[in-house]
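Trainee: structure of the sequence below:
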Amino acid sequence: MSPAEVAGLFADAPWWCVAGGYAIELAVGRPLRPHSDIDVLLLRRDQLAAQQALAGWEWWAADPPGTLRPWRPGEILPPDVHDIWCRPAGSETWRVQVMLDESSGDDWVSRRDPRVRRPIATLTRSSPIPYLAPEIQLFYKSKSPRPKDTADFHAVLPLLSAVQRRWLADAITKTGGSCAWLEMIVEG
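Mentor: Predicted structure coming up:
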């Protein structure tokens with residue numbers, strides 16, 4: 001699915017944004033690589049908005065350590081479930097991965113370390129499709145960067161402001177993320 005198609009599906013959700021590689025592409029303003037699905041970020045408190053947006057789809061919760069099981073209509077997922085794999089009913093292909101993130105009042109709170117937080121109002125940018133701010137997306141990708149994450153990092157790093165770089169460096173330092181990235185962030 002494209003970001004525009006996802007925007008049409010999630011238009012009535014209380015808060016959502018495109019995440020993952022597509023968020024980086026929206027920040028950069030051009031395609032960078034092929035994608036097998038699209039990531040959508042919701043706040044855990046709004047998780048049932050995924051079932052409403054994707055009515056008629058199959059929803060599968062990823063129970064740790066990664067076992068997929070059907071997500072029942074109206075079921076509130078436990079705090080250790082962060083991913084929901086979704087596909088149109090009868091399809092074999094996963095199309096949307098919904099990721100659930102934590103919040104406290106008006107703040108987003110990292111599940112890796114509650115010291116990493118910021119106002120929900122500052123989490124997204126718009127193209128006009130809402131997408132996760134690139135420094136936050138890079139924070140997610142910094143934990144165990146794969147080659148595609150490193151490519152995304154190099155594509156968007158030159159576009160980050162000094163404020164975004166400081167936030168990213170601080171978040172990575174607090175959570176022990178990629179040292180190689182940290183050096184490049186600070187150098188820039």
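Trainee: how about the lengthiest helix in the chain: buried residues?
Mentor: Determined from DSSP state H, the single longest helix within the chain is helix 162-175. Buried residues in helix 162-175, defined by neighbour count with 16 or more other C-beta atoms under 10 Å: 164, 165, 167, 168, 169, 171, 172. All C-beta spots, glycine's among them, are computed from the backbone N, C-alpha and C.
Trainee: you'd agree the last one is up against residue 140?
Mentor: No. Between residue 172 and residue 140 there is no contact under C-beta atoms under 8 Å: 10.7 Å.
Trainee: quick one: the strands in this structure, in order.
Mentor: 16-19, 38-43, 57-63, 67-70, 83-88, 96-104, 107-109, 117-119, 124-126, 130-132 (DSSP state E).
Trainee: the inter-axis angle of the second one versus strand 96-104?
Mentor: Between the axes of strand 38-43 and strand 96-104, defined by axes from the mean of the first three to the mean of the last three C-alpha atoms, to 10 degrees, the angle is 20 degrees.
Trainee: so what touches strand 38-43?
Mentor: For strand 38-43, the external contacting residues (C-beta atoms under 8 Å, 6 or more residues apart in numbering) are 1-3, 6, 10, 13-23, 49-50, 95-103, 108, 120, 132.
Trainee: try the first one
Mentor: Contacts made with strand 16-19 from outside it, assessed by C-beta under 8 Å, 6+ apart, are listed as 3, 6-7, 10, 23, 26, 38-42, 46, 49, 53, 99, 123-124, 129-132, 137, 140.
Trainee: alpha carbons only: can I get that strand in PDB?
Mentor: Output of strand 16-19 as PDB, limited to C-alpha atoms (Å, rounded to 0.1, in the frame of the first residue of the first chain):
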ATOM      1  CA  TRP A  16      -1.700   8.100  13.600                       C
ATOM      2  CA  CYS A  17       1.300   8.500  11.300                       C
ATOM      3  CA  VAL A  18       3.300   6.600   8.600                       C
ATOM      4  CA  ALA A  19       6.400   5.100  10.100                       C
END
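Trainee: so for that strand, mean pLDDT?
Mentor: Averaging the model's pLDDT scores along strand 16-19 yields 98.
Trainee: one more: the last one?
Mentor: Taken as a whole, strand 130-132 carries a mean pLDDT of 98.
Trainee: other SSEs contacting it?
Mentor: strand 16-19, helix 20-28, strand 124-126 (3 or more C-beta pairs under 8 Å, 6 or more residues apart in numbering; DSSP states H and E).
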